[in-house]
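Asks: Could you look at this predicted model? Sequence included:
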Amino acid sequence: MHFMTALKAAWQQRNSLLCVGLDPDPARFPAHLQGRPGAIFEFCRQIVDATADLVCCFKPQIAYFAARRAEDQLEALIEHIHARHPGTPVVLDAKRGDIGSTAEQYAVEAFERFKADAITVNPYMGRDSVDPYLAYPDKGVILLCRTSNPGGSDLQFLDVGGMKLYEHVARLVAQDWNASGNCGLVVGATFPAEIARVRELTGGMPLLVPGIGAQGGDIAATMAAGRTADGSGLMINSSRAILYAGEGEDFAAAARQVALDTRDAINAQR
Ligand SMILES: O=C(O)c1cc(=O)[nH]c(=O)n1[C@@H]1O[C@H](COP(=O)(O)O)[C@@H](O)[C@H]1O
């Protein structure tokens, strides 16, 4: 199924714009999982099973798996999501960016090895570095535009011929790169004015919005700036605030409660 079709169905059927980010840091795992073989998979599996009915997508961050030589656990986790929670899109957060021949290999890794439904990509190396992902028309290609970190302004806020660089990226993607209708953009919740500007430049394009929760972004401001006329259009990500809501054996139940509260706070603004 096309990523966008699955995402739209999830927005409606789950009544949720919440994306739970899977950024497993073993140092923050509850004591009973510490040092256990397969702990990364087990931690994430419990989070996924406890929150799947509350989300429009999951976003595993590849660095947390690769840093621990746990790519096999990432593969198993994505397989688990597809098998047990069908219709829940998986956005692999890899923020890839490289010349075309290397990008082809990254695209195979994301879509054929890990079987992700979408990937985050850094567009700042230009069109030919993104083409290998666009060549999979059913897969989502979610391009960094206005990132949530303070240093994002160093380059993305540069003036390029009367507009800011991130505005140029938003317009280029919406008008040129999105021929298959499979592109999205990343805009941080920490910058609501820029979310509004990107929404203005891109019509109904889906936006991945990280930065609520641990980074302090405001849900009401994010929604006011970024929701589409039908009250959707956003994948609002929260990772640490949900993953580490509890410290004991009931961590998944604690995560579920925060996910529920977050989904409801988002829905209150739809
Ligand atoms: O592409 C992303 O997902 C991303 C882009 C961005 O601008 N800022 C950002 O925080 N992220 C990711 O979103 C997640 C945010 O995690 P929390 O701050 O714990 O909710 C991390 O996985 C980041 O790598």
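Replies: Sure thing, it's come through.
Asks: show me where the stretch 151-270 of the chain has strands.
Replies: Applying DSSP state E, counting those that start in this stretch to the stretch 151-270 of the chain gives strands spanning 159-160, 163-164, 183-187, 207-210, 234-238.
Asks: got those strands as JSON lines, with distance to the ligand, mean neighbour count and mean pLDDT columns?
Replies: The way it works is simple: take the backbone N, C-alpha and C, and place the C-beta from them, glycine included. JSON lines is the format used below for the strands of the stretch 151-270 of the chain (distance: least, Cβ to the nearest ligand atom, whole Å; neighbours: other Cβ atoms under 10 Å; pLDDT from 0 to 100):
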{"stretch": "strand 159-160", "distance to the ligand": "20", "mean neighbour count": "10", "mean pLDDT": "96"}
{"stretch": "strand 163-164", "distance to the ligand": "16", "mean neighbour count": "16", "mean pLDDT": "98"}
{"stretch": "strand 183-187", "distance to the ligand": "5", "mean neighbour count": "27", "mean pLDDT": "98"}
{"stretch": "strand 207-210", "distance to the ligand": "3", "mean neighbour count": "27", "mean pLDDT": "98"}
{"stretch": "strand 234-238", "distance to the ligand": "5", "mean neighbour count": "28", "mean pLDDT": "98"}
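Asks: Could you point out which of those sits nearest residue 120?
Replies: Taking Cβ to Cβ, strand 183-187 is the member of the strands of the stretch 151-270 of the chain nearest to residue 120, at 6.3 Å.
Asks: Give me the angle between the closest one and strand 234-238.
Replies: In terms of direction (axes from the mean of the first three to the mean of the last three Cα atoms, to 10 degrees), strand 183-187 departs from strand 234-238 by 50 degrees.
Asks: packing partners for strand 183-187?
Replies: Judged by 3 or more Cβ pairs under 8 Å, 6 or more residues apart in numbering; DSSP states H and E, strand 183-187 is in contact with strand 140-146, helix 192-202, strand 207-210.
Asks: The ones you listed into CSV, with extra columns for distance to residue 47?
Replies: Converted to CSV, the helices and strands packed on strand 183-187 look like this (distance: least, Cβ to Cβ, whole Å):
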stretch, distance to residue 47
strand 140-146, 21
helix 192-202, 26
strand 207-210, 17
